[in-house]
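In: just the structure for this:
(one chain, ligands or ions: 3)
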Amino acid sequence: MNNKRSKSLFSGTLVAQALKASIIKLNPAVMIKNPVMFVVELGAAIVLLMTVFPGYFNAEETVGFNLAVFFILLFTVLFANFAEALAEGRGKAQADTLKRTKEEITANKIIGSSVKTVASSELRKGDVVVVSQGEMIPGDGEVIDGLASVDESAITGESAPVIKEAGGDFNSVTGGTRVISDSIKVRITSDPGETFIDRMIALVEGARRQKTPNEIALNTLLISLTIIFLIVVVTLRPIAAYVGIELEVPVLIALLVCLIPTTIGGLLSAIGIAGMDRVTQFNVLAMSGKAVEAAGDINTMILDKTGTITYGNRMASDIVPVGGASLEETAAWAAISSLQDETPEGRSVVEWIKQNGISYDLSIGEDGSFVEFKAETRMSGIDLRDGRKVRKGAVDSVRKWVLAQGGAIPHDLERQANRIASDGGTPLAVAADNRIVGVIYLKDTVKPGMRERFSLLREMGIKTIMCTGDNPLTAATIAREAGVDGFIAESKPEDKIAVIRREQAEGKLVAMTGDGTNDAPALAQADVGLAMNSGTTAAKEAANMVDLDSDPSKIIEVVAIGKQLLMTRGALTTFSIANDIAKYFAIIPAMFMLAIPEMEALNIMSLGSPLSAVLSALIFNAIIIPMLIPLAMKGVAYRPMNASRLLSRNLIIYGLGGVIAPFIGIKLIDLIVHVWI
Ligand SMILES: Nc1ncnc2c1ncn2[C@@H]1O[C@H](COP(=O)(O)OP(=O)(O)OP(=O)(O)O)[C@@H](O)[C@H]1O
Ligand SMILES: [K+]
Ligand SMILES: [Mg+2]
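Out: Residues are numbered from 1 along each chain as shown. Ligands and ions are numbered 1, 2, ... in the order given. Below you'll find the predicted structure:
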């Protein structure tokens, strides 16, 4: 995984800021948002009162013990606050860097036929500005005229400039990035305060962080456990009193805190924040924590062929005449149909012909009207001024088009096209008027390592479906080569949304990537929609994640990060609850030994004294929180495997580990504590 923005987890300033924040967070009005920890804080307050006014509570003999309990409880809360503050701190640091790029800049706003200099904060949706070489783009928008190379490193961290041009899928620009050559006219698409950088700042700062449904469910469980143990402990006192055992309030509070799920209660929000942070470090902006979690639960992943599974720079690598045409004739028509086709495919056709030294009469194409490539028609070409029409495109589309013109299909077309397709290439048929003259061989290569990545996804139980506008034979070849589970060929943009709906109807969660305006509905429909930063504004607004590096295959890693987040939360919950159960067995005998020394037989751990046993359990309960902070922040070690194997593995490691750890920990702490008591 690339980690361009990664900062050290425990850098000095971050720790110092987090320490300060953990004290500020002691404010009960803030603590109440974390009910488990709020109970601990309340317990600390009660014990403090008993320490300060011992006479009032009949607690003269135990002032020292009470004071110790108070401090341990206070630190338990501080440790939990520190975990959260540390997780938040990294986002805050990142937000500060972003804010610097947001400083007020001036904009050249076009009003009528004149240009007026205004502050960027005065720009509103629909305004048009000119941005020239060296200037900062004053707001998010779409290029409506011109072409420029733009340095987007302020938001992407990537120093290589990107080309932005009017029309097509590369027209969106982001405020705060810089034009480094040429000049463009930009129509502003967002009002102040709602720009991409604003959203990014809010995201990394966690300002809009809301609890996810999973977190809410887990929190409800933790609160229920807390209430149950509160009832148990409160009723324990009269029951014990009935049989003649008097249990001191601080001891009962210590028992309560040991029993309630403080470990996960203290780390829960840090785990969530750190999970989102990992996605951000990976240069992907997730609009919500919910999106990251959904990524972890994905069952089906829809991937484009061209550019996602393959490199996507489909280049003409051969031209094959059919129907008795000569190579020169075929090449000439291929070139003329591509003269104004600015797609990489179109440019590569002209380039191939030039490189192979084939000359043709350029003037034929003069004054013709260009027919742009569209995913719907799967063709591009030109209508010549003499009335003739030239097309190139997907073989079945061109075939239909020629038949509609009253033409015939050469008998060798299918053989040549199939040969190219079964090689994994894309055949483009070339037609002049009603005659098919040949086939262009567009070559594309599957990115290395795809097969391994898809088999990892399969192990995680995720089905991959490749969607392509290409013909079934090419699609099948690439699908086989890349090792995807299924494919859909000759798919139009609207077919993607149909696939998503079909999968969702079966109860599956679906992830997809996209960049075009026509991907927007599908991106919105998918549970996880990852838009490319290079893509259109519509795509970026519909998606719940944006990849700043515009690498569609990153969706695979995003899913892994989501899984890791869910696993980390599950593992630490298991560990926390297992811990509490173990502490129960350590502390209960000690409590009763306090009242009835004959119960010494229960002291199986042979702890120093009842008081030191209680304190040791409480100290262990506190320090386990900071000890687990690195794990909460970095996530548990992640290996792709199926859900049930993962569950049993984690139950063994974190469940069994959670039961054993307190016995060892408490025993060790008791050896030290006992010296003082
Ligand atoms: N510039 C072009 N001129 C004419 N036809 C083209 C051009 N580019 C692509 N095609 C044809 O149109 C088909 C659909 O292209 P499109 O870009 O929509 O899908 P794709 O790139 O093949 O698939 P994917 O959805 O995986 O990106 C291609 O398979 C090809 O046959
Ligand atoms: K606990
Ligand atoms: Mg495409």
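
In: C-alpha only now, for contacts and for neighbours.
Out: Fine.

In: just the helices in the stretch 201-350 of the chain please.
Out: Per DSSP state H, counting those that start in this stretch, the stretch 201-350 of the chain carries helices over the ranges 213-242, 249-259, 262-281, 289-296, 327-338, 344-355.

In: buried sites along stretch 621-640?
Out: By neighbour count on 16 or more other CA atoms under 10 Å, the buried set for stretch 621-640 is 621-626, 629, 632-636, 640.

In: er, stretch 166-177 I mean
Out: With burial defined by 16+ other CA under 10 Å, the residues of stretch 166-177 counted as buried are 166, 169-177.

In: dump it to PDB, keeping only the CA atoms.
Out: Only the C-alpha atoms of stretch 166-177 are listed here, as PDB (Å, rounded to 0.1, in the frame of the first residue of the first chain):
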ATOM      1  CA  ALA A 166     -13.200  21.100 -21.900                       C
ATOM      2  CA  GLY A 167     -15.700  18.300 -22.800                       C
ATOM      3  CA  GLY A 168     -15.400  14.700 -21.900                       C
ATOM      4  CA  ASP A 169     -14.500  13.100 -18.600                       C
ATOM      5  CA  PHE A 170     -11.500  15.100 -17.700                       C
ATOM      6  CA  ASN A 171     -13.000  18.500 -17.300                       C
ATOM      7  CA  SER A 172     -13.400  18.800 -13.600                       C
ATOM      8  CA  VAL A 173     -11.000  21.000 -11.600                       C
ATOM      9  CA  THR A 174     -10.500  21.500  -7.900                       C
ATOM     10  CA  GLY A 175     -10.100  24.800  -6.100                       C
ATOM     11  CA  GLY A 176      -6.700  25.200  -4.600                       C
ATOM     12  CA  THR A 177      -4.900  23.500  -7.400                       C
END
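
In: run through who's touching it.
Out: 101-102, 136-147, 150-155, 163-165, 195-197, 515-517, 534-537 (CA atoms under 8 Å, 6 or more residues apart in numbering).

In: quick one, which of those residues are buried?
Out: 101-102, 136-147, 150-155, 164-165, 195-197, 515-517, 534-537.

In: check these against ligand 2, which are close?
Out: With CA under 5 Å from the ion as the criterion, the subset of these in contact with ligand 2 is empty.

In: please enumerate the strands of the stretch 51-200 of the chain.
Out: 106-111, 114-119, 128-132, 141-151, 162-165, 172-173, 178-188 (DSSP state E, counting those that start in this stretch).

In: mind putting the ones you listed in CSV, distance to residue 495 and mean pLDDT included?
Out: Conversion of the strands of the stretch 51-200 of the chain to CSV gives the following (distance: least, CA to CA, whole Å; pLDDT from 0 to 100):
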stretch, distance to residue 495, mean pLDDT
strand 106-111, 40, 92
strand 114-119, 44, 92
strand 128-132, 35, 95
strand 141-151, 27, 92
strand 162-165, 28, 88
strand 172-173, 25, 88
strand 178-188, 31, 93
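
In: those strands: which one's closest to ligand 1?
Out: Shortest distance between ligand 1 and those, using CA to the nearest ligand atom, is found for strand 162-165: 17.3 Å.

In: which single residue of the protein ends up nearest ligand 2?
Out: Distances between the chain and ligand 2 by CA to the ion are smallest at residue 258, namely 3.8 Å.

In: show me what contacts that residue?
Out: Neighbour list for residue 258: 580, 583-584, 617-618, 621 [criterion: CA under 8 Å, 6+ apart].

In: again, only using 10 Å
Out: 40, 229, 252, 579-584, 586-587, 614, 617-622 (CA atoms under 10 Å, 6 or more residues apart in numbering).

In: after the longest helix along the chain, which helix or strand is next?
Out: In terms of residue count, the longest helix belonging to the chain (DSSP state H) is helix 555-595. Using DSSP states H and E, the helix or strand that follows helix 555-595 towards the C-terminus is helix 610-634.

In: up against ligand 2, what does the stretch 351-500 of the chain have?
Out: Within the stretch 351-500 of the chain, not a single residue sits near ligand 2 (CA under 5 Å from the ion).

In: which parts of the stretch 351-500 of the chain sit against ligand 1?
Out: For the stretch 351-500 of the chain, the residues in contact with ligand 1 (CA under 6 Å from any ligand atom) are 373, 375, 378-380, 392-394, 428, 467-470.

In: ChimeraX command for the buried members of the residues you listed?
Out: Isolation of the buried members of these (16+ other CA under 10 Å) is achieved in ChimeraX through the command below:
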select :373,378,379,380,392,393,394,428,467,468,469,470
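
In: out of the residues of the stretch 351-500 of the chain next to ligand 1, which are inside strands?
Out: Secondary structure from DSSP state E places 373, 379-380, 392-394, 428, 467 of those in strands.

In: what's in contact with stretch 115-132?
Out: By CA under 10 Å, 6+ apart, the list of residues contacting stretch 115-132 from outside reads 102-111, 137-146, 148, 175, 178-193.

In: wait, stretch 14-34
Out: Under the criterion CA under 10 Å, 6+ apart, residues 7-10, 12-13, 37-42, 74, 77-90, 92-93, 219, 222-223, 265-266, 268-269 lie in contact with stretch 14-34.

In: circling back to that earlier point, so for residue 498, which of the helices of the stretch 201-350 of the chain sits nearest?
Out: Of all the helices of the stretch 201-350 of the chain, helix 289-296 sits nearest to residue 498, with 20.0 Å by CA to CA.

In: just checking, what packs against that closest one?
Out: helix 213-242, helix 262-281, strand 510-514, strand 528-532, helix 555-595 (3 or more CA pairs under 10 Å, 6 or more residues apart in numbering; DSSP states H and E).

In: swap the cut-off to 7 Å and go again
Out: Taking 3 or more CA pairs under 7 Å, 6 or more residues apart in numbering; DSSP states H and E as contact, the helices and strands that helix 289-296 lies on are strand 528-532, helix 555-595.

In: pull the contacting residues for residue 301.
Out: Shown here is residue 301, whose contacts under the criterion CA atoms under 7 Å, 6 or more residues apart in numbering are 462-465, 510-512.

In: before we move on, the earlier item: got the angle between the longest helix of the chain and strand 528-532?
Out: Between the axis of helix 555-595 and that of strand 528-532 there is an angle of 130 degrees, by axes from the mean of the first three to the mean of the last three CA atoms, to 10 degrees.

In: pLDDT (mean, whole number) over helix 555-595?
Out: Averaged over helix 555-595, pLDDT sits at 87.

In: next one: that helix to chain centre, how far?
Out: 25 Å (CA atoms, centre = their mean, to the nearest Å).

In: alongside ligand 2, which residues does the stretch 551-677 of the chain contribute?
Out: Counting by CA under 5 Å from the ion, no residue of the stretch 551-677 of the chain sits close to ligand 2.

In: try it again with 6 Å
Out: Residues of the stretch 551-677 of the chain lying close to ligand 2 (CA under 6 Å from the ion) are 580, 621.

In: by contact count, what packs against the longest helix of the chain?
Out: Helix 555-595 is packed against helix 249-259, helix 262-281, helix 289-296, helix 610-634, helix 657-676, with contacts defined by 3+ CA pairs under 7 Å, 6+ apart.

In: 8 Å instead?
Out: Identification of packing neighbours for helix 555-595 by 3 or more CA pairs under 8 Å, 6 or more residues apart in numbering; DSSP states H and E yields helix 249-259, helix 262-281, helix 289-296, strand 510-514, helix 610-634, helix 657-676.

In: tabulate those (CSV), appending mean pLDDT.
Out: Below are the helices and strands packed on helix 555-595 laid out as CSV (pLDDT from 0 to 100):
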stretch, mean pLDDT
helix 249-259, 92
helix 262-281, 91
helix 289-296, 90
strand 510-514, 91
helix 610-634, 93
helix 657-676, 90
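
In: against residue 653, how distant is the nearest residue to residue 200 once chain neighbours are set aside?
Out: Spatially, and ignoring its direct neighbours in sequence, residue 200 is nearest to residue 285 (7.3 Å; CA to CA, 6 or more residues apart in numbering). The span separating residue 285 from residue 653 equals 32 Å under the rule CA to CA, to the nearest Å.
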